[in-house]
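# next come a sequence and a model predicted from it.
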Amino acid sequence: MTGPVPASGRSSAFDVVVLGSGVAGLVAALDLLDARPDLRVAVVDKGAMGTVGSTPLAQGGLAAAVGPDDSPELHAADTLRAGDGLGDRQAVRVMSEEGPDRVADLVRRGAAFDRRDVPGGPFALAREGGQSVARSVRAVDATGAEIFRALSAAAAGRITRVQGMGCALVQPLPGGPVRGVWVLLDEVAEAPGAPAQSPGLACLRAGAVLLASGGCGGLYAATTNREGSTADGVALAAAAGAALIDLEFVQFHPTGLRVDGAAGAQRLLLTEALRGAGAVLRDAGGRRFMVGLHPDAELAPRFVVTRGILDQPGGAWLDATALDPAVLAAEFPTVLAGVRAAGYDLSAEPVPVEPTQHYFVGGVATDLDGATSLPGLFAAGEAACTGVHGANRMAGNSLLQSAVFAHRAALALAGDLPAPEQTRRELAAEADPPPPALSPAGSVAGSAALRAELRSAMSAGAGAVRTAEGLDDALKALDAVAHALGGRPAADRDGIELASLVRVGRLIVRSATLRQESRGVHWRADAPLREPAWDGVRLRVGEAAHVPRPTGGVW
Ligand SMILES: Cc1cc2nc3c(=O)[nH]c(=O)nc-3n(C[C@H](O)[C@H](O)[C@H](O)COP(=O)(O)OP(=O)(O)OC[C@H]3O[C@@H](n4cnc5c(N)ncnc54)[C@H](O)[C@@H]3O)c2cc1C
């Protein structure tokens, strides 16, 4: 059922508030309502549907063992191999085994994936990096857009959609249960089926909150993510005292389009499925440098290809000219158009590429049902970390893990939450929470320059290649930005995002400094080997009121 419309200056009560409307947020909300139609679920997003988040951008596909030559065991083995010795075996098993059912759910909700031969026939699967067989269910090269279309259509009229910036968790006692989210509401005109919304701070109280707020690309000078991927949910969880984990692992996709002198940070991704279809990587002299570096050459795990590219002094080019132009046009229309807009013809010439920030492997520590270390707080999708990716995410496993663990979180919430009347009574009995301490909107001077400083510091010191000295420089630069921001974030989107970036950036740098080895996507040029002493050690940051499951290396 839909719930009350939040109003500025007021508090409204829900059973669950979901922060973020990408694949994780929408799967969680829909599956929760399927299991418990009595609940009032609000989904908050800081932008209009489809214009924000990574889900609508996802290209290559969603990995699941649905092919005739595949199995959950093979999928799990590939995932653990790509994770470079740090993947959580239980999480990987759950994801691989439950993947086919989540694909069936998406199809049931209306997602039209490519089929071989006939509609309803076997899936036309793409093979991507790290996969030993073709495993990615796709909708040409716009898989995320199709999943998002189907999920948002299914959610229409079933959830209360709130447009605004989640800026703090409601937590009556420090370190205690989470009971809602403070939101800076946007001004939104009335639309069919949705009432108008006036701007201002509103308190959305709830029996539980699920963070599904996506990645951290906003921390870097070149990223495949949109501008708004600023790790807000991870920052909100950290501020509330929830445990975070694996923060040093930030994945760089080997083949972002290299653009010199670009205005913004967002870069076009040239999907790994292109390499799966036969595109190769060449150095400045035209040599295929990945052959000889890894038995799978261009289809080696991402961090291997990224290191291979960064070792080429003259840069790298993706060469798809051997592919049939008709196949390129039919299967990669989104990438072809994007590359053409940048002035290149993918079917006729090699295109310059470089490793580009792509995915946050770490995040809010959760168990296999989305529970964080704080009661009442759940997380799913890219904002969460079950340990399924280990030290490096394999292609297609992000959409999959988002769907699998959001579904499990929904079932756990459905089982745990009391009847709505009881939640409403409990919330009414609690004192009104004090609003978060914010500075006036627009009070950050030179915020664009601060953001640029922060991004270049993170790219230089905590990017694809790290050293102790570079990390130290990055930390100093982040401290300077934090000093310029002052103690209280400005009460606007820009102010909250900057505060999130600084908080999470510092934690990433701290974790990357501690892990003195190279593993997966964490590459320390001053400690270039994978060290047995770090096997199984996962760095956990922050307070943990209750620890979901034991992991090594808690600090
Ligand atoms: C270009 C690109 C291609 C990709 N291709 C693939 C692929 O082929 N296969 C694959 O498996 N993965 C792929 N990925 C990764 C995958 O798309 C993402 O990891 C996944 O979609 C994340 O889903 P999510 O629901 O966790 O977050 P998102 O889809 O990023 O959604 C998060 C939402 O939270 C909202 N939000 C954030 N902070 C706040 C706040 N403070 N208040 C309110 N709302 C907030 C955002 O606006 C956003 O809508 C790709 C990513 C990119 C960028």
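Good, I have the coordinates.
# which parts of the stretch 401-550 of the chain sit against the ligand?
Within the stretch 401-550 of the chain, the positions near the ligand by Cβ under 6 Å from any ligand atom are residue 402. C-betas here are computed from N, CA, C, even on glycine.
# who's in contact with the residue of the stretch 51-200 of the chain found nearest the ligand?
Nearest to the ligand in the stretch 51-200 of the chain, going by Cβ to the nearest ligand atom, is residue 53, at a distance of 2.9 Å. For residue 53, the contact set (Cβ atoms under 8 Å, 6 or more residues apart in numbering) comprises 20-22, 45, 47, 214, 226, 228-229.
# residue contacts, the closest residue to residue 48 other than its chain neighbours?
Once flanking residues are discounted, residue 48 sits nearest to residue 163: 6.7 Å by Cβ to Cβ, 6 or more residues apart in numbering. Going by Cβ under 8 Å, 6+ apart, residue 163 touches 44-48, 185-186, 188, 197.
# turn the residues you listed into TSV, including pLDDT, distance to residue 425 and secondary structure.
Formatted as TSV, those follow (pLDDT from 0 to 100; distance: Cβ to Cβ, whole Å; DSSP: H, G, I helix; E, B strand; the rest coil):
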residue	pLDDT	distance to residue 425	secondary structure
44	97	23	strand
45	97	29	strand
46	96	31	coil
47	93	34	coil
48	90	35	coil
185	94	26	strand
186	91	31	coil
188	85	31	strand
197	79	27	strand
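# got a winner among the residues you listed for most neighbours?
Most neighbours among those, by other Cβ atoms under 10 Å: residue 44, with 27 neighbours.
# isn't it right up against residue 17?
Yes: contact status for residue 44 versus residue 17: in contact at 6.3 Å, counting by Cβ atoms under 8 Å.
# what sits in contact with each of the two?
Residues touching both residue 44 and residue 17 (Cβ under 8 Å, 6+ apart) are 181, 204.
# helix or strand for whichever residue of the stretch 201-350 of the chain sits closest to the ligand, which one?
Closest residue of the stretch 201-350 of the chain to the ligand, Cβ to the nearest ligand atom: residue 214 (2.6 Å). Using DSSP states H and E, residue 214 falls within no helix or strand.
# and it, how close does it get to residue 384?
Distance of residue 214 to residue 384, given as Cβ to Cβ, to the nearest Å: 10 Å.
# same question, residue 515
Using Cβ to Cβ, residue 515 is found at 20 Å from residue 384.
# for residue 294, same thing?
Counting by Cβ to Cβ, the gap from residue 294 to residue 384 is 30 Å.
# those two: which has the busier surroundings?
residue 384 (32 against 15).
# and residue 309, how many neighbours?
Neighbour number of residue 309 under other Cβ under 10 Å is 23.
# which residues touch it?
Contacts for residue 309 (Cβ under 8 Å, 6+ apart) come out as 254, 281, 316, 353-355.
# repeat that for residue 428.
Residues in contact with residue 428 (Cβ under 8 Å, 6+ apart) are residue 13.
# now with 10 Å?
13, 205 (Cβ atoms under 10 Å, 6 or more residues apart in numbering).
# any idea how far it is from residue 182?
Distance from residue 428 to residue 182, counting by Cβ to Cβ: 18 Å.
# which SSE is the residue nearest to residue 48 in?
Residue 163 belongs to strand 160-169 when assigned by DSSP H and E.
# if we can go back for a sec, the residue of the stretch 201-350 of the chain closest to the ligand contacts residue 58, correct?
No: between residue 214 and residue 58 there is no contact under Cβ atoms under 10 Å: 11.5 Å.
# tell me which of the two has more neighbours.
residue 214 (32 against 28).
# so what's the more buried one scoring on pLDDT?
Looking at residue 214, its pLDDT stands at 98.
# now swap in residue 190 and tell me
77.
# how close does it sit to residue 3?
Residue 190 is 18 Å from residue 3, where distance means Cβ to Cβ.
# the residue of the stretch 401-550 of the chain found nearest the ligand: what secondary structure?
Ranked by Cβ to the nearest ligand atom, the top residue of the stretch 401-550 of the chain for proximity to the ligand is residue 402, at 4.8 Å. The local conformation at residue 402, judged by DSSP: H, G, I helix; E, B strand; the rest coil, is helix.
# and it, how close does it get to residue 58?
As judged by Cβ to Cβ, residue 402 and residue 58 stand 10 Å apart.
# now the common contact residues for these two.
22-23, 147.
# check those residues one by one and keep those near the ligand.
The subset of the shared contacts of residue 402 and residue 58 within reach of the ligand, by Cβ under 6 Å from any ligand atom, is 22-23.
# out of the shared contacts of residue 402 and residue 58, which end up buried?
22-23, 147 (16 or more other Cβ atoms under 10 Å).
# just these: which are in helices?
The members of these that map onto helices under DSSP state H are 23, 147.
# pLDDT and distance to residue 258 for the buried ones among the shared contacts of residue 402 and residue 58 - can I get that in TSV?
Below are these laid out as TSV (pLDDT from 0 to 100; distance: Cβ to Cβ, whole Å):
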residue	pLDDT	distance to residue 258
22	98	27
23	98	28
147	98	28
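# okay, the helix or strand hosting residue 144 in CSV with CA atoms only?
Residue 144 belongs to helix 143-155 when assigned by DSSP H and E. The C-alpha coordinates for helix 143-155 follow below in CSV (Å, rounded to 0.1, in the frame of the first residue of the first chain):
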residue,chain,number,x,y,z
THR,A,143,20.7,-4.2,-19.9
GLY,A,144,20.4,-1.9,-16.9
ALA,A,145,17.9,0.4,-18.7
GLU,A,146,15.7,-2.5,-19.4
ILE,A,147,15.8,-3.8,-15.9
PHE,A,148,15.1,-0.3,-14.6
ARG,A,149,12.2,0.1,-17.0
ALA,A,150,10.6,-3.1,-15.9
LEU,A,151,11.1,-2.5,-12.2
SER,A,152,10.0,1.1,-12.2
ALA,A,153,6.8,0.2,-14.1
ALA,A,154,6.1,-2.6,-11.6
ALA,A,155,6.6,-0.1,-8.7
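# buried ones in that helix?
Buried, per 16+ other Cβ under 10 Å, within helix 143-155: 143-152, 154-155.
# which helices and strands sit right next to that helix?
If contacts are counted by 3 or more Cβ pairs under 10 Å, 6 or more residues apart in numbering; DSSP states H and E, helix 143-155 sits against helix 23-35, strand 41-45, strand 62-63, helix 89-108, strand 136-137, helix 397-416.
# what's the angle from that helix to strand 41-45?
140 degrees (axes from the mean of the first three to the mean of the last three Cα atoms, to 10 degrees).
# got any residues that touch both of residue 214 and residue 58?
22-23, 402.
# residue 418: how many residues sit nearby?
Neighbour tally, residue 418, other Cβ under 10 Å: 12.
# return the backbone torsion pair for it.
Backbone torsions of residue 418, given as degrees, to the nearest 10, read phi -70, psi 180.
# what's near enough to touch it?
For residue 418, the contacting residues are 15, 207, 424-426, by Cβ under 10 Å, 6+ apart.
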